[in-house]
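A.B. asks: how does the following fold in three dimensions:
(one chain, ligands or ions: 2)
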Amino acid sequence: MTAMSTMASEYELLTPETVASYIATNPTLAELVDASTLEVAEVGDGNLNLVFLCQDADGRGICLKQALPYVRLVGESWPLTPQRVLAESRSLSVAAAVVPHLVPAYYGTDEDRYVLAMENLFGWEIWRSKLNRGEIHRGVGALLGEYVANLAFSTSLFALDQMEVKQQTAQAINPELCRITEELVFTEPYIEHDNNSFVDELAPEVAALRSDACLRSEVGLLKHRFMTAAEALIHGDLHTGSVMVRSTTDGRGDARVIDPEFCYYGPVGFDLGALIGNYLLARGRAAVLYRGAEYCEWVAGLAEETWNAFEANMRRLWPTRVDQTWTDGFLDAWLQQVARDALGFGGCKAIRRIIGLAKVSDIETLPPDEHLRAATMVLRTANTWIKERQQLGGVSAANEVFLEVEAAVMQND
Ligand code: SR1
Ligand code: MG
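C.D. replies: Ligands and ions are numbered 1, 2, ... in the order given. Just a heads-up that it's a prediction; the model follows:
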């Protein structure tokens, strides 16, 4: 049994060997599975937490997630509040009320041990892994647009009284996790920093970004927006590794959004941007691996699919808004603002995965030549999204920018 010290508390970390007895002593969890026949595997492959998948002899399951008091990716030298598990439970609770079909069932949180219990999604897989293999799951992009819209509407001034929003905003404050994003996404990639790494051949591209005064000021504006635009309770880290997917019998895809520990009141376009930036990483991989036309076209259409579903759901919910100050004209203007934010944040989220800490397998598992080409495409596309997001006129332009960059990079071989 392992004990960890934190600044504020000391708590016991679970191991595969101790999970069954932990569940047996918790009446709520003990009802869900038979702890005496439990098989447990620690599968945490993210950057921060322990994750235990459990199944009993009758096939019933549960997933436990325990926050470590440090960043797992780096080690104990980088302490991080385990209170983030409370942020995750807040988001899962809200989502259970407004989009229960798009999140795992939530079973509760142990605030002393920082353990969150949720549905074990048997047969589901992290979307990034499926994208890496070139698998098509039609409809998933739209489900994620639906998720963002419903969370955004129901937690914002559109659905709640102003006093309620202010209280929720204060309760959802998540400064340590936000600081990670502020530094890793918006600051470190653009300066020399020990957290950065990239292959030598990419150095000219990185130098060009860093010396681009226009890009730097636009990234600064986006960071400022991330730090000040408290529009709604957002997921905060909605990349393709935060989505689990499975095929449905009609050949489409179903989705569950996981891992909302970075949630806070922030700009709605940030979640859409996280998705769009990660679609770009998947598209870059597809291009250099010469994936078939059907797959490339599907990935290329994801940004628009997500946006269209987001917009459709916002417009569907709009008549139920609680304050008539927000007119139909306001909605049109607000959607334009969100689309610009999404492109800008999408660019920042893609760039950080190439230059900064916490890389992604879409790019990292490519052979050297393909890695360099895909990374170059991502950096150049993202640069244009960020700088030209005002003129591009919406998310549908995202792919056109990529196609121009792709042609140029492939021609130079
Ligand atoms: C130090 S944490 C690194 C990254 O992992 C999470 O998934 C977030 O994306 C964060 O930026
Ligand atoms: Mg995560």
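A.B. asks: can you list the residues of this protein near ligand 1?
C.D. replies: Within reach of ligand 1 by Cβ under 6 Å from any ligand atom, the chain has these residues: 46-48, 71, 73, 180-181, 184, 237, 357-358. (C-beta placed from N, C-alpha, C; glycine too.)
A.B. asks: can we see that at 5 Å?
C.D. replies: For the chain, the contact set with ligand 1 under Cβ under 5 Å from any ligand atom comprises 47, 71, 184, 237, 358.
A.B. asks: count the residues that sit near the third one.
C.D. replies: Residue 184 is surrounded by 18 other residues when neighbours are defined as other Cβ atoms under 10 Å.
A.B. asks: can you check the last one too?
C.D. replies: The tally of other residues near residue 358 (other Cβ under 10 Å) stands at 18.
A.B. asks: quick one: pLDDT of it?
C.D. replies: With respect to pLDDT, residue 358 scores 97.
A.B. asks: quick check: buried residues in the longest helix anywhere in the chain?
C.D. replies: With secondary structure taken from DSSP state H, the chain has its longest helix at helix 328-355. Under the neighbour-count criterion of 16 or more other Cβ atoms under 10 Å, helix 328-355 has 331, 335, 338-355 buried.
A.B. asks: which residues does the closest residue to ligand 2 within the stretch 151-300 of the chain contact?
C.D. replies: Residue nearest to ligand 2 within the stretch 151-300 of the chain (Cβ to the ion): residue 259, separated by 4.1 Å. Applying Cβ atoms under 8 Å, 6 or more residues apart in numbering to residue 259 gives the contacts 46, 88, 237, 241-242.
A.B. asks: tell me which element the residue of the stretch 301-413 of the chain at minimum distance from ligand 1 is part of?
C.D. replies: Proximity of the stretch 301-413 of the chain to ligand 1 (Cβ to the nearest ligand atom) peaks at residue 358, 3.7 Å away. Assigning secondary structure by DSSP states H and E places residue 358 outside every helix and strand.
A.B. asks: need the residues of this structure near ligand 2, please.
C.D. replies: For the chain, the contact set with ligand 2 under Cβ under 5 Å from the ion comprises 46, 259.
A.B. asks: can you say which helix or strand has the residue nearest in space to the middle of the chain in it?
C.D. replies: Closest to where the C-alpha atoms of the chain average out (Cα atoms, centre = their mean) is residue 238, at 1.6 Å. Assigned by DSSP H and E, residue 238 falls within no helix or strand.
A.B. asks: from here on, call the first residue 159.
C.D. replies: New numbering, starting at 159: the last item is residue 396.
A.B. asks: isn't it right next to residue 429, touching?
C.D. replies: Yes - at 4.4 Å, residue 396 counts as touching residue 429 under the criterion of Cβ atoms under 8 Å.
A.B. asks: next, show the common contact partners of the two.
C.D. replies: Shared contacts of residue 396 and residue 429 (Cβ under 8 Å, 6+ apart): residue 306.
A.B. asks: stretch 519-529: end-to-end distance?
C.D. replies: 11 Å (Cα to Cα, to the nearest Å).
A.B. asks: check stretch 264-277 too.
C.D. replies: Note: stretch 264-277 ends 6 Å apart using Cα to Cα.
A.B. asks: pLDDT score assigned to residue 204?
C.D. replies: Per-residue pLDDT puts residue 204 at 83.
A.B. asks: is it in contact with residue 397, as I believe?
C.D. replies: No - contact criterion Cβ under 8 Å: residue 204 and residue 397 do not qualify, at 10.6 Å.
A.B. asks: show me what counts as buried in stretch 325-338.
C.D. replies: Neighbour-count burial for stretch 325-338 flags 326-327, 330, 332, 335-336, 338 (criterion: 16+ other Cβ under 10 Å).
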